[in-house]
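In: Please find the sequence and the predicted model below.
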Amino acid sequence: MYESTTATLEARAATENQSVKLSMQQALNRALDEILSNDPKTVVFGEDCGRLGGVFRITDGLQAKHGEPRVFDTPLAESGILGMSVGLAMAGFHPIPEVQFDGFAYPAINQIVCQIARMNYRSRGTLPMPITLRVPSFGGIRAPEHHGESLEALFAHVPGLKVVSPSDPHDAYHLLKHAASRPDPVIFMEPKSRYWQKGDVDAADGGTLTGARVVRPGRHLTLVAWGAMVARCLQVAELAAEDGIDVEVLDLRWLKPIDAEALATSVGKTRRAVVVHEAPLTSGLGAEVAQLITQSCFDTLKAPVDRVTGFDVPYPSGDLEDEYIPNIDRILLGIQRVLEYRRG
Amino acid sequence: MDSSLPVVAAADAAPLSPGQLRELYSLMAAVRYLDTSAVAWQRQGIIPGYAPELGQEAAQVGSAYALDTARDFAFPTYREMGVARTMGVDMVAYMSTHKATWHGGMYDPLASRLAPIQAVVAGSVLHAVGWAHGQTLSGGHGVALSYFGDGASSQGDVHEAMNFAAVMKAPVVFFIQNNGWAISVPTERQVAGGSVAARAAGYGIPGIQVDGNDVVAVYEATRNAFAHCRGGNGPVVVEAMTYRRGPHSTADDPGRYRSLDDERIDAGEDPLERHRKRLLAESVADEAFFTAANQEALAEEEAIRTGIEALGPRPGNEMFDFVFQETTPALETQAIRWREESEHV
């Protein structure tokens, strides 16, 4: 798969020298390939990342091209994978480990929270942790238990970690390359339900890679989302437009640090906001976003910031998945609540 | 005890010279004096707490003596003061962790080849494996020396580390100080299967138990383990059987879980006294040497205490400065607010 992807890509790039259509899986695969080519200190590893190319094929072909020492399979133990990343970083390497599914980050929490997040601090800056932890994240693929979790609030709460989630192939390509080039640990949350959706990737111009991004400008209300929820919010915005409601969609992208300025700019203009995420409601990142908006826009807000989220329940089985993940109707109802709000 | 010692190249197996045998004693004396003094410092209010390693001097000095700071790297927990001293780490910077100056200590881990002090006891065992695999990737000849105890050996990370290292043939020496106690829980309630070294067989790697109170035996076992690793043969488990003669920490009360009679019986012979007798019997040292070594240890402790007493608290901005290499706007805002509010009051 690697060769076909690259061959197609390079052929297109050569003729067009512009954007190419790639799926997020292809974009991430290409980004990793280029990182490995450009930075000899990079190592890519995890469960089934080598010969198989990962269960989602994100590392497809990389071992064949870059060799087994740099792209390798580990035993099935997440704490081991992340703990090993710490030692490799201490030895000067730039590890890009993969945790196969979001829910399997839990067995590695000790190494992520107590070690990766703190080693720079503990060592007074002498042992940076340039680790990019790739985590196929969020739900929507009818997978077994622990394969549909949204851990962003948990990671964002930990001092020393940065958290990012791309919503389309272009950002996936550029944000992964950007994250891997930085000296701090980044949790890279890949929206697994979007792996196979194609989009334009302009490899030459990534644009601004820090902060949030307005993916659809609007005047009446801001939908704040990230990961797979961005595409859904764009659908919602199209439907709302039919009723004359002009919705702005802000892709937060970085979940830590959150782009407070972009929130202030967008909601300062629209004066209404709804945060949409798959994670459970209570203590979810929506609360943090709502507070940041309230802090900067309190005087001009026309309604309290609302949230449309997953529920405070364990992530359900595939049959109930659509009841759990914010769907178009629930987001539209959230918009309606905010638009109809009247001061007491 | 298992005698399946790794094969060692003859060049590496040269016996310790008289000078080295004396140096081992001097190191143990320095460690013993600093260790017992640190307990006194805590009682005097100089430091808030300390985790003594009384009785483990031979295990720590003997093992670290086999390490080559030009190419190897050691990964401690929080009770490896003797390792730090043997490796030549700045001891004021090391002991600063017990002054509550900075969790990881103030020493430079890269320059001193000693990872930061670590409170999650099995946390650093996997780091050693990663670092060692890095040697394989870069073609280096360094060996990772991973320190942990019988208590830490119960943690899953130790299993993951040994399995990873064995699968990847990573050059790691897993050095266990089995000191009989994990705070209040004795080894027999902690380690199933008789020993930690016995587990090595399950990973298909050499595992040896060594008398951890015999500094020469510890040195030789660790040296052999290093040679095994350097030969590209993968990891080794070395379990040094020793005894924690003191409390777990200055906040601990061993009287609640063991009697003084138990301690006297179980501790065995003092590792310093044992080495002293050997040096005298082999005419490697005389009483004048021991008197001088003890005086040097005393002077060294005084200098370290002076340095520790002179250590003030770190500037508060360091709370913010070392979280990231590249800080965030939110953290900058918090740092500014902290400064404004702390100056206001």
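Out: Cool, the structure landed.
In: any idea of the pLDDT on residue 293?
Out: Looking at chain A here, since you left the chain open. Residue A:293 is assigned 98 on the pLDDT scale.
In: ah, no, chain B please
Out: Confidence score, pLDDT, at residue B:293: 98.
In: That one looks like it's in a strand, true?
Out: No - counting by DSSP: H, G, I helix; E, B strand; the rest coil, residue B:293 falls outside a strand, being helix.
In: what does the average pLDDT come to for stretch A:21-39?
Out: 98.
In: I meant stretch B:140-148, not that one.
Out: The average pLDDT within stretch B:140-148 is 97.
In: same check, this time on stretch A:265-274
Out: For stretch A:265-274, mean pLDDT is 98.
In: Need the residues that contact that stretch.
Out: If you take C-beta atoms under 8 Å, 6 or more residues apart in numbering or on different chains as the criterion, stretch A:265-274 is touched by A:214, A:218-224, A:248, A:250, A:263, A:289-290, A:293, A:296-297, A:300-303, A:305-308, A:331, A:334-335, A:338-339. Glycine gets a C-beta too; all of them are placed from N, C-alpha and C.
In: ok, of the residues you listed, which come out buried?
Out: A:218, A:220-224, A:248, A:250, A:263, A:289-290, A:293, A:296-297, A:301-303, A:305-308, A:331, A:334-335, A:338-339 (16 or more other C-beta atoms under 10 Å in any protein chain shown).
In: quick one, what contacts the spatially most central residue of chain A?
Out: Against the mean C-alpha coordinate of chain A, by C-alpha atoms, centre = their mean, the closest residue is residue A:165 at 1.3 Å. Applying C-beta under 8 Å, 6+ apart, one finds that residue A:165 lies in contact with A:137, A:152, A:188-191, A:226-227, A:253, A:255.
In: so of the contacts of stretch A:265-274, which ones are in strands?
Out: Under the assignment DSSP state E, the contacts of stretch A:265-274 contribute A:214, A:221-224, A:248, A:250, A:306-308 to strands.
In: out of these, who's nearest residue B:104?
Out: Ranked by distance to residue B:104 (C-beta to C-beta), these are led by residue A:224 at 37.6 Å.
In: partner residues bridging the closest one?
Out: residue A:250, residue A:275 (DSSP bridges).
In: Please report how far it lies from residue A:293.
Out: 8 Å (C-beta to C-beta, to the nearest Å).
In: Give me the common contacts of those two.
Out: In contact with both residue A:224 and residue A:293: A:263, A:273, using C-beta under 8 Å, 6+ apart.
In: Could you show which parts of the stretch 101-250 of chain B are in contact with chain A?
Out: Within the stretch 101-250 of chain B, the positions near chain A by C-beta under 8 Å from any C-beta of the partner chain are B:102-104, B:106, B:108-110, B:115-116, B:120, B:123, B:125-138, B:144, B:156-157, B:160-161, B:163-164, B:167.
In: quick one, strands of the stretch 1-150 of chain A?
Out: Here the stretch 1-150 of chain A has its strands, by DSSP state E, counting those that start in this stretch, at A:20-23, A:42-46, A:71-73, A:94-98, A:132-137.
In: The last one versus strand A:42-46: what angle between them?
Out: When you say that, I think you mean strand A:132-137. 30 degrees (axes from the mean of the first three to the mean of the last three C-alpha atoms, to 10 degrees).
In: Compute the inter-axis angle for strand A:132-137 and strand A:94-98.
Out: 20 degrees.
In: State the pLDDT value of the residue nearest to the centre of chain A.
Out: 98.
In: hang on, the earlier thing: out of the strands of the stretch 1-150 of chain A, which comes closest to chain B?
Out: strand A:42-46 (6.8 Å; C-beta to the nearest C-beta).
In: ok, and does the closest one reach over to chain B?
Out: Yes - legend: contact between strand A:42-46 and chain B by C-beta under 8 Å from any C-beta is shown at residue A:43.
In: Can you list the strands that that strand pairs with?
Out: Strand pairing (DSSP bridges) places strand A:42-46 next to strand A:71-73 (parallel), strand A:94-98 (parallel).
In: would you turn the ones you listed into JSON lines with mean neighbour count?
Out: Formatted as JSON lines, those follow (neighbours: other C-beta atoms under 10 Å in any protein chain shown):
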{"stretch": "strand A:71-73", "mean neighbour count": "20"}
{"stretch": "strand A:94-98", "mean neighbour count": "26"}
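In: in the stretch 151-300 of chain A, which spans are helices?
Out: A:152-156, A:169-180, A:229-242, A:260-270, A:285-297 (DSSP state H, counting those that start in this stretch).
In: Let me see the residues that make contact with the longest one.
Out: Just to be clear, that refers to helix A:229-242. Contacts with helix A:229-242, where a contact means C-beta under 8 Å, 6+ apart, come from A:167-168, A:194, A:197, A:215-216, A:218, A:223, A:225, A:246-249, A:251, A:276-278, A:326-328, A:331-332, A:335.
In: Same check on the last one?
Out: Residues lying outside helix A:285-297 but in contact with it, judged by C-beta under 8 Å, 6+ apart, are A:152-153, A:156, A:224, A:252, A:255, A:258, A:260, A:263-264, A:267-268, A:271, A:273, A:275-277, A:279, A:301, A:304-305, A:307, A:309.
In: Quick one: buried ones out of these?
Out: Buried among the contacts of helix A:285-297 by 16+ other C-beta under 10 Å: A:152-153, A:156, A:224, A:252, A:255, A:258, A:260, A:263, A:267, A:271, A:273, A:275-277, A:279, A:301, A:305, A:307, A:309.
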